[in-house]
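Trainee: make a model of this:
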Amino acid sequence: MKCFYYFKEKTRTRGHKSAPELRNPVNKSDNSGTDSGSGVMKSTGSEIFRRGISDLYEEKSPNLRVFSWSELRIATNDFNRKLKIGEGGFGCVYQGKIKPVDGQGDPILVAVKKLNKDGFQGHKQWLAEVQFLGVVEHPNLVKLIGYCAVDGERGIQRLLVYEYMPNKSLEDHLFKKTYPHLPWEKRMQIIIGAAQGLAYLHEELEVQVIFRDFKTSNVLLDENFQAKLSDFGLAREGPTPGSSHVSTAVVGTHGYAAPDYIETGHLSSKSDVWSFGIVLYEILTGRRSLERSLPKPEQQLLSWVKQFPIEGKKFSSIIDPRLEDQYSLSAARKIAKVAESCLVKSYKERPDMSVVVEKLKEIMKTATDGGSPDKKGSSPVENEAGEPEKGKDVGVSESARRRFAHLAKLGEQVEGVGKRRFMIMQRAKVS
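Mentor: Below is the predicted model of the structure:
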């Protein structure tokens, strides 16, 4: 799904430099926050000065490599179409190889994002990515290696160089038939990793970062299928302490943006929490949040899943059929409950991402304690309240074992009767 802009932002022309320009003018919005419109807000206005992303970037920017245009042309074989691994509204992503910093050793495999030449808006998103990814550092966030910014005869060129993610995105594995389906345990691993990435952005940095575009295509997977959040072009600083939100132009992706944010333009970390709830349901169902190729009653994921209550006996109807009963039904119910808590209408009642992380870890731990997870096929037959029904067999495999045991017992009884009859006949012959 493509990103949208509900409101057009004012643009202005200015000369771009070859290195990121970090000090953006700050426009006052309301008393709940400030709005620069670019995702790189610098927070001021309190008696105690709080460092913003710009300040933190200036401290950490020496860690980023600055590439020349010619270096990245060589790295991507002149941006060869055969090396293209992704494409979107932002531009194209190519696989490439760069030399190590010291020039020694084997080339390093990287992903090179070449932004479209769409003027000021493209530059702002590029700048936001450089700033935010230049500051953050976490196992569940994609690593930015460096950037290239050139203004020359060819026009404005803005490129980003990331660590390479060989297993593409969560979107690819969930929704594209050319990819093998993700098993249950791997889905749990991925969604917990993504949750940890959001929790870090919201709660573990000196300044809060709101991702603002959380969706399956922005969850990349490394060689071990560890989730890493990518694409910080729409990311933005959170509100100052004591404020609940920042007011900003509404941007994001249809089907993932929180309704309160769309209606009011009030952005908070709980906007990301809503988006996470959507992705949780996508993980469970294997369906997109909005899928127009389905029958009309099934096109909107949230409306469709509501037809199957979490504690009802038909709940398993929403589970991705490609899992083929190889999942924990009780864990699936609990995950759906976490999703519902993220999708509460009032943003203030949605949980913090750190709470979501702990809940998901506990669900995974409970499902795997004592051996393999309880599979749907061996789960008790449940009534509408989700409780085992009395007097019913507890699963196909258990029922089969009982029948075999019963037949064996009957065989022993028949064999015993036969032996007794033989002994009686023998005694009759002797007498």
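
Trainee: which regions of this structure sit below the pLDDT cut-off?
Mentor: By pLDDT under 70, the weakly predicted segments of the chain are 1-49, 89, 118-121, 370-431.

Trainee: ok, Asn218 - how many residues close by?
Mentor: Residues lying near Asn218 (other CB atoms under 10 Å) number 24. Where you see a C-beta, it was placed from the backbone N, CA and C, and this is true even at glycine.

Trainee: so what's it up against?
Mentor: Contacts for Asn218 (CB atoms under 8 Å, 6 or more residues apart in numbering) come out as 169, 211, 229-231.

Trainee: identify the farthest-apart pair in the residues you listed.
Mentor: For these, the farthest-apart pair by CB to CB is Ser169 and Phe211; their separation is 15.0 Å.

Trainee: of the two, give the one with the bigger neighbour count.
Mentor: Comparing Ser169 with Phe211 by other CB under 10 Å, the one with more neighbours is Phe211, at 25 against 22.

Trainee: the more buried one and Ser230 touch, don't they?
Mentor: No: Phe211 sits out of contact with Ser230 when judged by CB atoms under 8 Å, with a separation of 10.2 Å.

Trainee: what strand or helix carries Val279?
Mentor: Using DSSP states H and E, Val279 sits within helix 269-285.

Trainee: ok, now His123?
Mentor: helix 120-135.

Trainee: quick one: distance of the helix or strand just after that helix to the chain centre.
Mentor: Next helix or strand after helix 120-135 toward the C-terminus (DSSP H and E): strand 144-152. Put simply, strand 144-152 sits 27 Å off its chain's centre (CA atoms, centre = their mean, to the nearest Å).

Trainee: which positions within the helix or strand following strand 144-152 qualify as buried?
Mentor: Heading C-terminal from strand 144-152, the first helix or strand you meet, by DSSP H and E, is strand 155-163. For strand 155-163, a neighbour-count test (16 or more other CB atoms under 10 Å) marks 156-163 as buried.

Trainee: returning to what we had before: from the contacts of Asn218, which ones fall inside strands?
Mentor: Leu229 (DSSP state E).

Trainee: so which of the contacts of Asn218 is the closest to Pro62?
Mentor: Using CB to CB, the contacts of Asn218 come closest to Pro62 at Ser230, 22.7 Å.

Trainee: so how far is Arg350 from that closest one?
Mentor: Per CB to CB, to the nearest Å, Ser230 is found 24 Å from Arg350.

Trainee: go on, Thr216?
Mentor: Distance, Thr216 to Arg350, by CB to CB: 20 Å.

Trainee: so these two - more neighbours on which side?
Mentor: Arg350 (25 against 22).

Trainee: list the contacts of that one.
Mentor: Going by CB under 8 Å, 6+ apart, the list of residues near Arg350 reads 270, 273-274, 277, 341-344.

Trainee: try 6 Å this time
Mentor: Shown in contact with Arg350 (CB atoms under 6 Å, 6 or more residues apart in numbering): 270, 273, 342, 344.

Trainee: make JSON lines from those and add neighbour count and distance to Gly193 to it.
Mentor: Below are these laid out as JSON lines (neighbours: other CB atoms under 10 Å; distance: CB to CB, whole Å):
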{"residue": "Lys270", "neighbour count": "26", "distance to Gly193": "21"}
{"residue": "Val273", "neighbour count": "25", "distance to Gly193": "16"}
{"residue": "Cys342", "neighbour count": "22", "distance to Gly193": "17"}
{"residue": "Val344", "neighbour count": "15", "distance to Gly193": "24"}
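
Trainee: list just the nearest of those residues to Asn77.
Mentor: Distance ranking of the contacts of Arg350 against Asn77, using CB to CB, places Val273 first at 41.8 Å.

Trainee: quick one, what contacts the nearest residue to Arg287 once chain neighbours are set aside?
Mentor: Once flanking residues are discounted, Arg287 sits nearest to Leu301: 5.6 Å by CB to CB, 6 or more residues apart in numbering. Contact analysis of Leu301 by CB under 6 Å, 6+ apart lists 281, 287, 289.

Trainee: and of the residues you listed, the nearest to Lys313?
Mentor: Lys313 lies nearest to Tyr281 out of the contacts of Leu301, by CB to CB, at 19.3 Å.

Trainee: pretty sure that closest one is touching Ala339, no?
Mentor: Yes: contact criterion CB atoms under 6 Å: Tyr281 and Ala339 qualify, at 5.2 Å.
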